[in-house]
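Novice: Curious how this folds, go ahead:
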Amino acid sequence: MPHYQQAGIIPPKRHTQFRKPDGSLYSEQLFSTEGFSSDASLLYHCHPPTAILHTEEPYDVMPMIAEDRMLKHRSFEGFNIAPEKDFLQSRKAVLVNNDCHIVLAAPQLNLEEYFYKNADADELIFIHEGSGELFTQYGTLHFSYGDYLVIPRGTIYQIHFYSPGNRLLIVESFSPIRYPKRYLSPYGQLLEHAPYCERDIRAPKDIQTRDEKGDFLIKVKKQGRMYPIHYARHPFDVVGWDGCCYPFAFSIHNFEPITGRVHQPPPVHQTFDARNFVVCSFVPRMYDYHPLSIPAPYNHSNIDSDEMLYYVDGDFMSRKNVTRGMITLHPGGIPHGPHPGTVEKSIGAKETKELAVMVDTFHPLKLTQEAVAIEHPEYIKSWNE
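Specialist: From the prediction side, this is the model:
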């Protein structure tokens, strides 16, 4: 979990009277994604966050499944997802199961005409291209190339992009996204062997209280439907908050790689943990230093998981014809490994400049219609040379 943070003004003791200068009470809200039994934050609003003016008819946003059973290596050209102006409309789910949705997006305009809340899933937004600011009740997070934005489910937010050229990889997780347990002490501190520490985690800054009355549209995603709800008060009317449940940023460039004398297995790249899937970061690093080492990964049979790799930048010694934004999917049940010729070629190499994000799911992924539209159909034959 993120470590404890405090911002703005809060009362000296929780669940007690906290009054404004005019004598009226601030409104306390407990925010948690797992009821009252896990991480939480307390937010203090100028007004109760419950005043609804009216609602609109919900509409369906469920991904359209094209293939739900497969035993075939796949490859997709992620940058072939066409840019769209609206932030939510730009989000295209490509690989999905009951634990997570993997989404590509190329939004051109800011999310500022309305607010967005995902009531189903934590969101992990990886910034491949673009920069800007994420606005939330907790304050502002500045982001740029290589940042992960971790947004707990139920967080209300807007996004301001500095330019129209943006490329995002989004993982919607139907369970909390956390630090791997093996990186943590029994009391929650990141340990010395972890590939990042608390100093690398960026919490929201510059909380700005918006005590405004009006008509504020929040689009809420719940169970595959979008619910437009109009509230009477600005959702960012928070004067202060504290706790351990809040959005944060972490740069992939601050992930410190773990290396060894011989090739290290994929778990050394793990960055985040969730129910039935993990997220890993492949970053520039020195290669193995045994005199007879083979830097290229060995063939392996991921019987228990589907492996999705999103290529960000750099050269990949185990793959040919890799492009930025490409996705490869190696489903559990058949082995995969380096392309022909890449093993011998890797011998003697000293380092790699590769940058990639991997999602390993422990339940099979399904292909959407959006994925089929950007697929390389001959990828499965690429080892047969």
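
Novice: my read: I9 touches V239, true?
Specialist: Yes - using C-beta atoms under 8 Å, I9 is in contact with V239, at 5.4 Å. Bear in mind the C-beta positions are built from the backbone N, C-alpha and C, glycine included.

Novice: Can you check which residues contact both of those two?
Specialist: Residues touching both I9 and V239 (C-beta atoms under 8 Å, 6 or more residues apart in numbering) are Y44.

Novice: residues in contact with the most centrally placed residue in the chain?
Specialist: In the chain, the residue lying closest to the centroid (C-alpha atoms, centre = their mean) is L124, at 1.3 Å. By C-beta under 8 Å, 6+ apart, L124 lies in contact with 148-151, 170-171, 173, 177, 272, 279.

Novice: Among those residues, name the ones in strands.
Specialist: Counting by DSSP state E, the contacts of L124 place 148-151, 170-171, 173, 272, 279 in strands.

Novice: Dump those to TSV, plus pLDDT, neighbour count and distance to D68.
Specialist: Listed next are these as TSV, based on pLDDT from 0 to 100; neighbours: other C-beta atoms under 10 Å; distance: C-beta to C-beta, whole Å:
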residue	pLDDT	neighbour count	distance to D68
Y148	98	24	29
L149	98	21	30
V150	98	24	29
I151	98	26	28
I170	98	20	21
V171	98	26	19
S173	98	27	20
F272	97	22	26
V279	98	24	23
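
Novice: Among those, pick out the one closest to Y157, please.
Specialist: Closest to Y157 out of the ones in strands among the contacts of L124 is I151 (6.5 Å), distances taken as C-beta to C-beta.

Novice: That closest one reaches I125, doesn't it?
Specialist: Yes - assessed by C-beta under 8 Å, I151 is found in contact with I125 at 6.9 Å.

Novice: Show me what counts as buried in stretch 105-118.
Specialist: 105-111, 115-118 (16 or more other C-beta atoms under 10 Å).

Novice: Just the residues contacting it, thanks.
Specialist: Stretch 105-118 has contacts (C-beta under 8 Å, 6+ apart) with 79, 81-88, 90-92, 132, 151, 153-161, 164-168, 170, 172, 216-221, 228, 235.

Novice: residues touching G325, list them.
Specialist: With C-beta under 8 Å, 6+ apart, G325 has these contacts: 77-79, 104, 128, 167, 310-312.
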